[in-house]
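Novice: Mind folding the following:
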Amino acid sequence: MPDPFSTLAEAKEAAVTHIAGLGLDPSCVLYNVFDREGFTVASNAEQMAGSG
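Specialist: Got it, this is the predicted structure:
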């Protein structure tokens with residue numbers, strides 16, 4: 001999702017909609033959210049690593 005978002009809430013809503021449209025089990029989708037400087041502000045990578 002290349003579009004910038006004004007708030008983390010907007011980004012989360014867009015991500016949830018995008019993931020739902022993939023047709024996959026959401027628990028199997030790896031995501032990372034970056035701020036404008038490229039720092040990770042949200043991710044489920046650690047959760048995914050612990051589940052396998």
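
Novice: Every contact and neighbour count from this point should use C-alpha atoms.
Specialist: Noted.

Novice: where along this structure do the helices fall?
Specialist: With helices called from DSSP state H, the chain shows them at 8-20, 45-51.

Novice: The first one - contacts with which helices or strands?
Specialist: Meaning helix 8-20. Packing partners of helix 8-20 (3 or more CA pairs under 8 Å, 6 or more residues apart in numbering; DSSP states H and E): none among the helices and strands.

Novice: give me that answer again for 10 Å
Specialist: strand 32-34, strand 40-43 (3 or more CA pairs under 10 Å, 6 or more residues apart in numbering; DSSP states H and E).

Novice: quick one: which of these is nearest residue 22?
Specialist: Of all the helices and strands packed on helix 8-20, strand 32-34 sits nearest to residue 22, with 16.0 Å by CA to CA.

Novice: What strands flank the closest one, and is each parallel or antiparallel?
Specialist: Counting by DSSP bridges, the strands paired with strand 32-34 are strand 40-43 (antiparallel).

Novice: List the neighbours of the strand it pairs with that are in contact with it.
Specialist: 8, 12, 30, 31, 32, 33, 34, 35 (CA atoms under 10 Å, 6 or more residues apart in numbering).
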